[in-house]
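1. Sharing a sequence plus its predicted fold:
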Amino acid sequence: MKIDVLTLFPEMFVGPLDASIVQRARETGMLNFRVINLRDYTHDRHKTVDDRPFGGGPGMLLKPEPIFEAVESLTDAATRVVLLSPGGRMFNQVIARELAKEAHVLMLCGSYEG
């Protein structure tokens, strides 16, 4: 199984992936787990991935260009793309089993604050 996580904060995944059962699955080749920095798909010198909302208001939004470029380069027709969001369905064992049937899953961490 291949899992790609597309995120602004790849350093947050270092510890959990290098321990326990996940580490053993990676070492045996059962799991190919990559953490990919969304900033690698930007083209300005500051690696800008966010912008102010067009309609005004507080906060920032992720730019679509780096997301589309990353998804297009990392996926094929068989890849299952999952957008993680605080307002979405709760990730649980049922969903984990469903995703485990896929050959390739791309998880996009699309919401952040700060």
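-> Received, thanks.
2. max-length helix in the chain?
-> helix 64-74 (DSSP state H).
3. could you say what helices and strands that one packs with?
-> strand 2-7, strand 104-109 (3 or more Cβ pairs under 8 Å, 6 or more residues apart in numbering; DSSP states H and E). Where you see a C-beta, it was placed from the backbone N, CA and C, and this is true even at glycine.
4. Can you lay out the ones you listed as JSON lines showing mean neighbour count?
-> Putting the helices and strands packed on helix 64-74 into JSON lines (neighbours: other Cβ atoms under 10 Å) gives the following:
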{"stretch": "strand 2-7", "mean neighbour count": "20"}
{"stretch": "strand 104-109", "mean neighbour count": "19"}
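5. export the ones you listed to a markdown table and tack on distance to V35 and mean pLDDT?
-> Below are the helices and strands packed on helix 64-74 laid out as a markdown table (distance: least, Cβ to Cβ, whole Å; pLDDT from 0 to 100):
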| stretch | distance to V35 | mean pLDDT |
| --- | --- | --- |
| strand 2-7 | 5 | 95 |
| strand 104-109 | 10 | 96 |
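6. Dump these to JSON lines, plus distance to N32.
-> Shown next, in JSON lines, are the helices and strands packed on helix 64-74 (distance: least, Cβ to Cβ, whole Å):
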{"stretch": "strand 2-7", "distance to N32": "4"}
{"stretch": "strand 104-109", "distance to N32": "9"}
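7. re the thing from before, after the longest helix of the chain, next one along is what?
-> Using DSSP states H and E, the helix or strand that follows helix 64-74 in sequence is strand 80-84.
8. Buried residues of the helix or strand bottoming out on mean pLDDT in the chain, list them for me.
-> In the chain, no helix or strand scores lower on mean pLDDT, DSSP states H and E than helix 14-17, which sits at a mean of 79. For helix 14-17, a neighbour-count test (16 or more other Cβ atoms under 10 Å) marks L17 as buried.
9. could you list every residue that touches the spatially closest residue to M60 that is not a sequence neighbour?
-> Distances taken as Cβ to Cβ, 6 or more residues apart in numbering put D50 closest to M60, at 4.3 Å, once the chain neighbours are dropped. The neighbourhood of D50, defined by Cβ atoms under 8 Å, 6 or more residues apart in numbering, consists of M60, L61, L62, K63.
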